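Asks: just a sequence and a predicted model for now, questions to come.
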Amino acid sequence: MPEFIKSYNNKNKPIVDASTECMDISYFNLVQLKAGKTYKTKLSDYETAWVVMHGNCNIRVEDMEFTNIGKRKDIWTGKAESVYAPIKSTIQVKANTDVEIAVGGGLCQTKYEPFFIGKDDVKMVDVGSSDTKSHRQIFHILGQHHKGRCGRLLVSELWAEEGCWSGYPPHKHDVDKLPEETDFEEIYHYRFSPDNGFGGQYLMLEDGTETCFVTRNGDTFAFERGYHPTSTSPGHRGYIFTILVGRTQESLVQNFKEEHRHLMDKIPGIKDMRDLFK
């Protein structure tokens, strides 16, 4: 069953890991540090992307140091800067200013090399339209454009226009059935602007079970199956930090709900979105 986690002070401890009932291969943490403070951890089994949400820091992965990471004021002001850390790595963060880092991870068997992901390396796709109430922009931080440098981990940021839907038309990715679909776990972490915004997270399973959660600033949703569209309240911009981890495949192939597939031609950018995830 999916797990909906209300916002709380995680004190730099993982929000989602192997102890999360529905997650077998995915990891999520939020690391928040005051200027001058440090954080250190070793992740043996997970490859991770360390995405600076706001602030500036130095990130050391084993004996490789990446300095002056993070140039934006907040998640609403431009593309993120990030660092990829492979499995079996000791990672240390030193905060140059107050900083918040979203850490997305997935199980991996191969140890790759650490690398910096700059703003120019983040690929954006524009999806939907204001007219169809589906406009969002997806910024691929770690994705298929890094094939050969990482495992089956995909990390992105999504901005939804006020009052718009994302993950729409409804789609799923919970079985390996090429070429129609591949099996990926997924984690969503939500923010809103203004931060008193809210939205809806829907989950529709093949057996007819349907669930809806009210999403608020700082909430997290972890799920391994089902169609999962998301809505954002009018008057508020929505943000989703997204982690996808393939169970057996590197390429994410989304299967759109048959009764809504006709909307794929009505909503601009769906093909471009699918191509960037594949």
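Replies: Everything's here; your move.

Asks: contacting residues around the closest residue to residue 99 other than its chain neighbours?
Replies: Distances taken as C-beta to C-beta, 6 or more residues apart in numbering put residue 55 closest to residue 99, at 3.1 Å, once the chain neighbours are dropped. For the C-beta atoms, the positions are set from N, CA and C on the backbone; glycine is no exception. Residues in contact with residue 55 (C-beta atoms under 8 Å, 6 or more residues apart in numbering) are 70, 95, 96, 97, 98, 99, 100.

Asks: return the closest of the residues you listed with respect to residue 163.
Replies: Nearest to residue 163, judged by C-beta to C-beta, of the contacts of residue 55 is residue 100 at 26.5 Å.

Asks: any stretches of the stretch 51-200 of the chain with poor pLDDT?
Replies: Along the stretch 51-200 of the chain, no part satisfies pLDDT under 70.

Asks: check for me that residue 272 belongs to a strand.
Replies: No: with DSSP: H, G, I helix; E, B strand; the rest coil as the criterion, residue 272 is helix rather than part of a strand.

Asks: tally up the residues packed near it, please.
Replies: 12 (other C-beta atoms under 10 Å).

Asks: any chance of the contacts of residue 55 in CSV with distance to residue 124 and neighbour count as columns?
Replies: Listed next are the contacts of residue 55 as CSV, based on distance: C-beta to C-beta, whole Å; neighbours: other C-beta atoms under 10 Å:
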residue, distance to residue 124, neighbour count
70, 19, 24
95, 28, 22
96, 27, 16
97, 26, 13
98, 27, 15
99, 23, 24
100, 22, 18
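
Asks: which residue, other than its chain neighbours, is closest to residue 201?
Replies: Nearest one to residue 201, counting by C-beta to C-beta, 6+ apart, is residue 213 at 4.5 Å.

Asks: need the pLDDT of the residue positioned nearest the centre of the chain.
Replies: Nearest residue to the geometric centre of the chain (C-alpha atoms, centre = their mean): residue 242, 1.4 Å. Note on residue 242: pLDDT of 98.

Asks: residue 270 too?
Replies: Reported pLDDT for residue 270: 92.

Asks: so what's it up against?
Replies: Neighbours of residue 270 in contact, by C-beta under 8 Å, 6+ apart: 127, 169, 264.

Asks: show me these that map onto strands.
Replies: residue 127 (DSSP state E).

Asks: hang on, the earlier thing: look up how far residue 114 lies from the residue nearest to residue 201.
Replies: 35 Å (C-beta to C-beta, to the nearest Å).

Asks: who has more neighbours out of the two?
Replies: Shown here are residue 213 and residue 114; by other C-beta under 10 Å, residue 114 has more neighbours (21 against 17).

Asks: what's the closest non-adjacent residue to that one?
Replies: Residue 114 sits nearest to residue 61 (C-beta to C-beta, 6+ apart), 4.0 Å away.

Asks: next, give phi and psi for the residue nearest to residue 201.
Replies: phi -120, psi 140 (degrees, to the nearest 10).

Asks: look at the nearest residue to residue 261 once chain neighbours are set aside and say how many residues are nearby.
Replies: Nearest non-adjacent residue to residue 261, counting by C-beta to C-beta, 6+ apart: residue 169, 6.8 Å away. Counted with other C-beta under 10 Å, the neighbours of residue 169 add up to 20.

Asks: right, I'll leave it there.
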